[in-house]
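Student: need coordinates for the following:
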Amino acid sequence: MWCDNCLLLFPLRAGAICLGLLMAIFQIVGGALLFKYGDFFFFHTGESSIYGGFAFLQAALALIAVAAFSTRSETFANFNLRVYPVVIILGIVRGIIMAWSVDHYKGRITQECNNGGQRWIDPSIPVTFTHNSTTGGYDKVEDDTRLPDSFCDNNLKTLTALFSLSLIIDFILMCYFYFMIWRFVVKLQHYPFQGKYSY
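Tutor: All right, here's what the predicted structure looks like:
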């Protein structure tokens, strides 16, 4: 006997739409924070941009899934069904690397907090200077972005634990959302001729 509602915590379509919108907001906020403050926590060139871009990719897929649920589109739902396992695997790898990186470079993060939130700079990278037309000399190019005090006021272990917890929540939401996409695709296949306003 086929179980249409097994393991569903919410109604299939409405619950998946709400969860998809929640995930999209979660990923957009996370991606924006990574683009703005990621260089304070991830020290390889472009590393934080890759993580932020991946968060925006997850948000885009969540919105595509919301469109699929809203319009009962089998094409969009199947697209997400095929792409999401790859995104989940990449998300696991990304989460492990991010958690390891924050823990591994915690000394640099502590140094940033001890220096007024100024970003740690690799001493092996040459300093960039720009020509000052007023004085005729050269000025050192400085980044005005500072790490907010709220990051430094908390214990670094607490910050690392919260960061790891957010990655775990992200993984759980992705897996459950994939399950809801799969259930929706199966329901479309089992009941292709149901009325427009069903399920």
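Student: going forward, measure contacts and count neighbours with C-alpha atoms only.
Tutor: Fine.
Student: which helix of the chain spans the most residues?
Tutor: Scanning the chain for the longest helix, with DSSP state H as the assignment, gives helix 156-190.
Student: in this protein, which ranges drop under the pLDDT threshold?
Tutor: 1-10, 121-145, 153-154, 191-199 (pLDDT under 70).
Student: centroid-nearest residue for it?
Tutor: The centroid of the chain falls nearest to Ala55 when counting by Cα atoms, centre = their mean (3.2 Å).
Student: what's near enough to touch that one?
Tutor: With contacts defined as Cα atoms under 8 Å, 6 or more residues apart in numbering, Ala55 is in contact with 27-28, 30-31.
Student: and for Ile97, the neighbour number?
Tutor: As a burial measure, the neighbour count of Ile97 was computed by other Cα atoms under 10 Å and equals 12.
Student: what about the helices in the chain?
Tutor: For the chain, the helices defined by DSSP H cover 12-37, 47-71, 74-104, 106-114, 149-153, 156-190.
Student: with distance to Trp120 as extra columns, can I get those in a markdown table?
Tutor: A markdown table is the format used below for the helices of the chain (distance: least, Cα to Cα, whole Å):
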| stretch | distance to Trp120 |
| --- | --- |
| helix 12-37 | 12 |
| helix 47-71 | 14 |
| helix 74-104 | 13 |
| helix 106-114 | 6 |
| helix 149-153 | 14 |
| helix 156-190 | 16 |
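Student: tell me what the longest helix of the chain is packed against?
Tutor: Taking 3 or more Cα pairs under 8 Å, 6 or more residues apart in numbering; DSSP states H and E as the contact definition, the neighbouring helices and strands of helix 156-190 are helix 12-37, helix 74-104.
Student: and the angle for that helix with helix 74-104?
Tutor: Helix 156-190 and helix 74-104 meet at an angle of 170 degrees, taking axes from the mean of the first three to the mean of the last three Cα atoms, to 10 degrees as the criterion.
Student: contacting residues around the closest residue to Val87 other than its chain neighbours?
Tutor: Once flanking residues are discounted, Val87 sits nearest to Gln58: 7.5 Å by Cα to Cα, 6 or more residues apart in numbering. The contact partners of Gln58, taken as Cα under 8 Å, 6+ apart, are 24, 27, 87.
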